[in-house]
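Undergrad: I'd like to go over a predicted model; first the sequence, then the structure.
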Amino acid sequence: MRTTEIPSPLIKWAGGKRQLLDRIDDRLPDKYGHYYEPFLGGGALFFHLQPREATINDLNRALINLYERVRDEHDVYVKVLSDIDGSMPSDKSEAKAYYYAMRDRYNVLLTSSSYTTETAALMVFINKHCFNGLYRVNAKGAFNVPYNNSVRASFDPVNTKAVSEALGYANLTCGDFEAAVSGAKAGDFVFLDSPYVLLNETTFEAYTKEGFLEEDHRRLAALYRDLDSRGCLVMLTNHDTPLIRELYEGYRIDVVDVARAINSKASKRHGTEVIVTNYLD
């Protein structure tokens, strides 16, 4: 039986759109066909909408593995994560050592491209117990964020079940964003939430070890115009920067205030973003 629970994202993800959902809601198309999201991340909008026909994609293989395991092996995934949680010591110093042992284990799996149910469960455990919920990998693809001193549980069973059910309606892919929307046609809705354009040289940009460069943003803008020419309904979000305004000139650009909860410095947790649409007057 399908739960009535509206799922929340399983993990915290840089650039997540939970705090922007009300502004996005106000700008959604009245109706659309297939839903496409080629930069899924935490999936806040997807889980909020729970579309019945969807193609969702991310370049991060570990992230897609998580969603596949939650969808296809829900009960096994819950047991594995419950066992990891249940083995965490209550003593803070022992818990710290446990976190780093689990992080080491995750990195062994990650750097050997072993995408299993254990990998998925460890990803969530580490995300809930790492500093500021920041998913960051180094140049070798290893996760390197320190412990946040939390001993709380990693997941909510009811929400995890709702996530599993919502994912059951989606085609999950892992690859380039252009390929992910190759089948999009007139009347389909495409939500583009790519990694942010850099605000400065210290801006975090390491969701995957490959990064997302200016040339990628220019390729994405070309794709936006191609989707527009196909008759797709397209929405894009990003930082409010001169580059973004240049790339999407001619489309409606709405500026919105945001809180960037993932920034480690409280003074930098506020800013402006843009919502770019091709279907609003």
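TA: Structure received.

Undergrad: Show the contacting residues for the most centrally placed residue in the chain.
TA: By Cα atoms, centre = their mean, the chain has its centre lying nearest to residue 41, at 1.2 Å. Each residue near residue 41 by Cβ atoms under 8 Å, 6 or more residues apart in numbering is listed here: 13, 14, 15, 16, 58, 63, 193, 207. All C-beta atoms are positioned from the backbone trio N, CA, C, and that covers glycine.

Undergrad: pLDDT value on it, please?
TA: With respect to pLDDT, residue 41 has a value of 94.

Undergrad: any idea how far it is from residue 82?
TA: Residue 41 is 25 Å from residue 82, where distance means Cβ to Cβ, to the nearest Å.

Undergrad: hmm, back to that, looking at the contacts of residue 41, which has the most residues close by?
TA: residue 58 (26 neighbours; other Cβ atoms under 10 Å).

Undergrad: Can you list the strands that the helix or strand harbouring residue 234 pairs with?
TA: Here residue 234 sits within strand 233-239, counting by DSSP states H and E. Take DSSP bridges as the rule and strand 233-239 pairs in its sheet with strand 189-192 (parallel), strand 270-277 (antiparallel).

Undergrad: gap between the next helix or strand after the shortest one and the chain center?
TA: I take that to be strand 189-192. Where DSSP H and E defines the elements, the next helix or strand beyond strand 189-192 is helix 214-230. Averaging C-alpha positions (Cα atoms, centre = their mean, to the nearest Å) puts helix 214-230 20 Å from its chain's average.

Undergrad: just to revisit the earlier point, list of residues touching the strand holding residue 234?
TA: Here strand 233-239 makes contact (Cβ under 8 Å, 6+ apart) with 17, 20, 24, 27-29, 32, 187-194, 196-197, 199, 220, 224, 227-228, 244, 248, 271-279.

Undergrad: residue ranges with poor pLDDT in the chain?
TA: Where the chain drops to pLDDT under 70, the residues are 1-4, 199-210, 260-270.

Undergrad: Tell me where it has strands.
TA: Taking DSSP state E as the test, the strands found in the chain are 35-37, 54-57, 170-173, 189-192, 233-239, 252-259, 270-277.

Undergrad: Could you point out the longest helix of this protein?
TA: helix 92-111 (DSSP state H).

Undergrad: in that one, what's buried?
TA: 95, 96, 98, 99, 102, 103, 106, 107, 109, 110 (16 or more other Cβ atoms under 10 Å).

Undergrad: Give the other helices and strands that it contacts.
TA: Judged by 3 or more Cβ pairs under 8 Å, 6 or more residues apart in numbering; DSSP states H and E, helix 92-111 is in contact with helix 117-129.

Undergrad: Can you say which of the strands paired with strand 233-239 is nearest to residue 149?
TA: strand 270-277 (25.4 Å; Cβ to Cβ).

Undergrad: For that closest one, report the contacting residues that lie outside it.
TA: Strand 270-277 has contacts (Cβ under 8 Å, 6+ apart) with 20, 23-24, 27, 199, 224, 233-240, 244-245, 248, 251-260.

Undergrad: Got phi/psi on residue 33?
TA: phi -90, psi -110 (degrees, to the nearest 10).

Undergrad: I'd guessed it sits against residue 188; true?
TA: Yes. Residue 33 is in contact with residue 188 according to Cβ atoms under 8 Å; the separation is 4.7 Å.

Undergrad: Now do the residue nearest to the centre of the chain against residue 226, distance only.
TA: In terms of Cβ to Cβ, residue 41 sits 22 Å off from residue 226.

Undergrad: And residue 280, how far from residue 176?
TA: Relative to residue 176, residue 280 is positioned 28 Å away (Cβ to Cβ).

Undergrad: returning to what we had before: could you single out the most deeply buried of the strands paired with strand 233-239?
TA: strand 189-192 (a mean of 23; mean count of other Cβ atoms under 10 Å).

Undergrad: List of residues touching that strand?
TA: 28-29, 32-39, 45, 177, 181, 184, 220, 224, 227, 232-237.

Undergrad: Filter these down to the buried ones.
TA: For the contacts of strand 189-192, a burial check counting by 16+ other Cβ under 10 Å picks out 28, 32, 34-39, 45, 177, 181, 184, 220, 224, 227, 232-237.

Undergrad: quick one: buried residues of stretch 153-167?
TA: Counting neighbours by 16+ other Cβ under 10 Å, one finds that the buried residues in stretch 153-167 are 154, 155, 159, 160, 161, 162, 163, 164, 165, 166, 167.
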